[in-house]
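Engineer: no FASTA, just this:
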């Protein structure tokens, strides 16, 4: 039970075609069913859904949230030039307040578009944790480990990392700390082993970019004689608490190894296509091997959106296209992935059930996107995040009928930080 | 000057970073500039943009609008099974009122998401023309020609087609009739030649599906010894008023021929990926050959959306992916295509200029999608149609601050028609 968990009675929601209500105690779902649909009899606050559709929230399982500040910056560059020419020079002067307001803007976007939890990897992780805490959603957060040039630098980085993890631990139950080695091409073997030990000792999740480009795979084979997933496994980094972002170039043997170890792969189809990495995550092979799977936007600087509905559609389309098979991923399967139901690490196997966290969305039933057809198909192929009318996390209503507290201030402050970094004030700030 | 064209004074809009106003006379832009930003001095109605961003509207250059009724139906089937098992059996019992309300729902979606003109190919074209007229937007409409089995049937179809074209001609200047042979695999050589003559005599646009699947190309070579575009050219169907939908498998020689003839190719990337045709329209080659290009959703039954912003993002992503080149299509180029600026047939070369139709959008500058970054990049990669606050066609405000007249009735009536056809009442109609 969280100190922050709220009580709430949700009435007049529609679930699977029937009116239901939902009673929240201390942030957890206490009861759900038709018998609570219309009769408030307690003292808890009441949220009248007025016929809105009750669905689980989405889980954005790989992003760099504060990169909202970089949206559109160096847009038409390939991955390495984008990093080296557009991103890293600005990141050299980013501070904690920049990260805080970038992450607040990201949380605002996620609340508005139905994502209530996300996995983050970015500098100044405590600033992101503060933003997530203030925004009221959930995040698994790790500051990226990238090896400095010297052994002394690495020792100092490790010391800071442990401090960060200690601090992240103190943010309450909506924040989970993670160990986040950036990738096998920016972190050496010893540091990767250190990351594995750290995650193991502290029982923390470990997230890493893996197999995003063909070059990464070729270089790994050259240097270590192993493909990326095999190399990680040799160093002890593959386990049930491991999240691998991208996985575009994983082969069958790697997928089988990942499945055996119980690690989760996160597909980021929009960012992969935008950065033109050239491949599509081999979802059918991963599914058939039994790999746990999630969906991410990647950073809003390389997508350029945090509306996971857009990535959900892109995921299904890219898979149908790559397989040349329109039957390769039914809508319900794609929706399950986007809502975290294909990995216990990132989600929950049975959302909207008693004992579970009271995180849910209410969708406007009168929107043209939901007017006709099948709900899951509409959610995958027709909807954008704008169908979300209300967003509830731990029984707390973060968006009610499209309104989010402090939205104007968040946008104004993010614009100030963007200006400070020399990234402009955005098209909406003109005149 | 249209009898339906209105007068309007738009004030306090933001264009390219500066406050502007825009004066509309008889449905056409009379004046535009900073000097009209704040001073209403005439009798015309005033629309205060309140700092909203003024941009040209999108052009959906290939769809089958009434197929909103089929949204999600047979969703996970490949093209031919989708047509034969899911669509055609229901189309056998569709009537004019079904088409009217399906098309009204489509127009509602387009108005809400910033599309003010579209190219339509569907049964009962007069019902669609009536829907478009009532909705207040623009359309180029042709009932599909598909050859019946007998010569007598073909003659009767041709007679009905000429009648339809006469009737479509009477709908005023927001409706343009088109000749619409469905494809080279459903229409024989003689009928294609008849279509070419008809379009030529009446000076009408001609629209046809072309080169959507590899099988279509192989069959065309087998039967006629020519690739599809060459075959069309031999029959006299390639010209400046010709619109070719899909063009996924066009080769370099065909692209050069199409460019020489001045025909326009419409890419439908979402529908192509969803129906798993296996290829991506070769945009860089088409552009380099000088082909005129537009963007379409294809029918809302195979997309399943009419929000062209979603197709715009998919178009740019698919091109970057297919070319393995993040620089292949700058955001401004993609935006120009979606707004009809890469084909005189479907759009206008200089929108928002005096003498042009007063069709434009106002975008909410405070939306998180537009808060930071570059406008064109945001429109391509970040926005959905939900950033559109107001939609104006011919000086008439069809959506004002998100409100469209008759929206509730349109959705209710479309649900009735969907129920009548045995397609269900939609997820939003429950309980």
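Structural biologist: Right, received. Where do you want to start? Fair warning: this is a prediction, and the values are worked out from it, not measured in the lab.
Engineer: show me the domain layout of chain A.
Structural biologist: Chain A is divided into the following domains under automatic domain parsing: A:8-56+A:351-403, A:58-338.
Engineer: quick one: end-to-end distance for the last one.
Structural biologist: When you say that, I think you mean domain A:58-338. Terminal residues of domain A:58-338 are spaced 6 Å apart (CA to CA, to the nearest Å).
Engineer: what mean pLDDT does it have?
Structural biologist: What domain A:58-338 shows for mean pLDDT is 96.
Engineer: distance of residue A:306 from chain B?
Structural biologist: Using CB to the nearest CB, to the nearest Å, one obtains 8 Å as the distance from residue A:306 to chain B. C-beta coordinates here come from the backbone N, C-alpha and C atoms, glycine included.
Engineer: which helix or strand contains the residue nearest to that residue when sequence neighbours are not counted?
Structural biologist: Distances taken as CB to CB, 6 or more residues apart in numbering or on different chains place residue A:109 nearest to residue A:306, at 4.3 Å, with adjacent residues excluded. According to DSSP states H and E, residue A:109 maps onto helix A:96-112.
Engineer: same question for residue A:194.
Structural biologist: Using DSSP H and E, residue A:194 sits in helix A:189-202.
Engineer: now residue A:180
Structural biologist: Counting by DSSP H and E, residue A:180 is found in strand A:180-181.
Engineer: elements contacting that strand?
Structural biologist: Strand A:180-181 is packed against strand A:144-145, helix A:189-202, strand A:206-210, with contacts defined by 3 or more CB pairs under 8 Å, 6 or more residues apart in numbering or on different chains; DSSP states H and E.
Engineer: how does it look with 10 Å?
Structural biologist: strand A:115-121, strand A:138-142, strand A:144-145, helix A:151-168, helix A:189-202, strand A:206-210 (3 or more CB pairs under 10 Å, 6 or more residues apart in numbering or on different chains; DSSP states H and E).
Engineer: please enumerate the helices of the stretch 251-400 of chain A.
Structural biologist: A:252-261, A:269-274, A:283-289, A:308-323, A:331-338, A:375-377 (DSSP state H, counting those that start in this stretch).
Engineer: I'd like those as a markdown table, with distance to chain B appended.
Structural biologist: Output for these, formatted as a markdown table (distance: least, CB to the nearest CB, whole Å):
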| stretch | distance to chain B |
| --- | --- |
| helix A:252-261 | 21 |
| helix A:269-274 | 4 |
| helix A:283-289 | 12 |
| helix A:308-323 | 4 |
| helix A:331-338 | 6 |
| helix A:375-377 | 4 |
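Engineer: of all those, which lies closest to residue B:320?
Structural biologist: helix A:269-274 (5.8 Å; CB to CB).
Engineer: tell me the buried residues in that closest one?
Structural biologist: Of the residues in helix A:269-274, A:269, A:270, A:271, A:272, A:273, A:274 count as buried by neighbour count, 16 or more other CB atoms under 10 Å in any protein chain shown.
Engineer: what about it, distance to the chain center?
Structural biologist: Relative to its parent chain, helix A:269-274 has a centroid offset of 15 Å by CA atoms, centre = their mean, to the nearest Å.
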